[in-house]
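Asks: dropping a prediction and its sequence here:
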Amino acid sequence: MRKRYFRVLISAIIIFLLPSLLILASQSQADAKQPAKAGHGDKTKKPANSKGPVPGVNLEKVEKDAKAKQGQNKVKVRIVELGKFYIIGKAVKARVDDEKSQAEIDKLWDKVDNAGLLDKIPNRKNPNVVLGVQTDYNEKDDTYTYIVACEVTSIKNPPKGMVSKEIPKAKYAVFTGKGKMPDIVDTTWDYINDIWLPQSEWEEADSPEFEWYDYRSDLEQNAEMDIYIPIE
């Protein structure tokens with residue numbers, strides 16, 4: 001009688017627990033079929049995309065935006081007002097966003113450095129400062145004049161093959177880039193054009209803009225340079 005009672009009790013327990021056991025078994029099988037999720041501490045990694053670039057994505061623009069955002073953390077901005085001043089230097093015609101023009105500007109810098117042309121400029125106001133001035137922009141053909149120059153006290157009698165110019169009084173947003181030369185020149189310009197100007201309450205004024213290089217620019221690590229953008 002007692003044995004029969006226990007057999008009935010065990011059968012009842014099995015019948016009661018059976019649905020739960022079946023559900024647990026089903027979930028375990030499903031989990032076994034699913035791949036492990038990739039996480040910070042998980043050695044399982046998602047496979048790399050072997051299909052190449054995503055259609056419709058401009059990788060060049062993505063890389064440029066990333067560079068600009070990276071440069072944002074290294075660029076300091078201040079607003080200043082400068083009175084008119086004068087420059088003398090060596091010039092070349094260039095076109096906006098043109099690789100050939102950029103190559104010509106690079107050659108101009110090399111020529112100025114190798115030939116010691118800046119030392120021939122009279123009446124230099126600050127011999128330790130060199131300017132890269134962008135002026136005379138022409139909307140019709142998208143060209144401008146780039147001048148490697150020095151500030152001077154007088155523009156009378158510039159050396160042969162050089163140009164002189166008066167830079168008018170203006171308000172400027174001054175961007176100080178810090179990092180490795182010449183990379184900081186590109187990242188600072190990218191930050192100005194892709195991030196600061198589109199989001200700023202200021203607009204670019206019709207006046208020359210210029211790069212400012214001094215002793216800070218010669219440092220191997222943590223070099224600095226300034227870009228002056230006229231604003232209104």
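Replies: That came in fine, so what should we check first?
Asks: least confident secondary structure element in this structure?
Replies: Within the chain, no helix or strand scores below helix 2-33, which has a mean of 49 by mean pLDDT, DSSP states H and E.
Asks: for stretch 151-170, give the mean pLDDT please.
Replies: Mean pLDDT, computed over stretch 151-170, is 95.
Asks: that one: end-to-end distance?
Replies: Stretch 151-170 has an end-to-end distance of 16 Å (C-alpha to C-alpha, to the nearest Å).
Asks: tell me which residues in that stretch are buried?
Replies: Under the neighbour-count criterion of 16 or more other C-beta atoms under 10 Å, stretch 151-170 has E151, V152, P158, M162, V163, S164, K165, I167, A170 buried. Quick note: C-beta positions are derived from backbone N, CA and C, even for glycine.
Asks: what does stretch 179-189 give?
Replies: Buried residues in stretch 179-189, counted by 16+ other C-beta under 10 Å: G179, M181, I184, V185, T187, T188, W189.
Asks: report the rounded mean pLDDT for that stretch.
Replies: 92.
Asks: can you list the domains in the chain?
Replies: 1-35, 60-231 (automatic domain parsing).
Asks: can you tell me which of those domains is most buried?
Replies: Most buried of the domains of the chain by mean neighbour count (mean count of other C-beta atoms under 10 Å) is domain 60-231; its value is a mean of 16.
Asks: got a list of what K84 touches?
Replies: The contact partners of K84, by C-beta atoms under 8 Å, 6 or more residues apart in numbering, come to E166, I167, P168, K169.
Asks: just to revisit the earlier point, which of the buried residues of stretch 151-170 sits closest to W212?
Replies: Nearest to W212 among those: E151, at 9.9 Å, using C-beta to C-beta.
Asks: so P158 sits in a helix?
Replies: No. Going by DSSP: H, G, I helix; E, B strand; the rest coil, the assignment for P158 is coil, not a helix.
Asks: so which of the buried residues of stretch 151-170 sit within strands?
Replies: Among these, the members found in strands (DSSP state E) are E151, V152, V163, S164, K165, I167, A170.
Asks: now those residues as CSV including distance to Y137?
Replies: Below are those laid out as CSV (distance: C-beta to C-beta, whole Å):
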residue, distance to Y137
E151, 21
V152, 23
V163, 16
S164, 19
K165, 13
I167, 14
A170, 15
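Asks: those residues: which two are farthest apart?
Replies: V163 and A170 (19.6 Å).
Asks: pairing partners for the helix or strand where V80 lies, with directions?
Replies: Using DSSP states H and E, V80 sits within strand 75-82. Within its sheet, and counting by DSSP bridges, strand 75-82 is paired with strand 170-179 (antiparallel).
Asks: I'd like to know which elements the next helix or strand after the partner strand is packed against.
Replies: From strand 170-179 onward toward the C-terminus, using DSSP H and E, the following helix or strand is helix 183-191. Counting contacts by 3 or more C-beta pairs under 8 Å, 6 or more residues apart in numbering; DSSP states H and E, helix 183-191 is packed against helix 59-72, strand 75-82, strand 170-179, strand 223-231.
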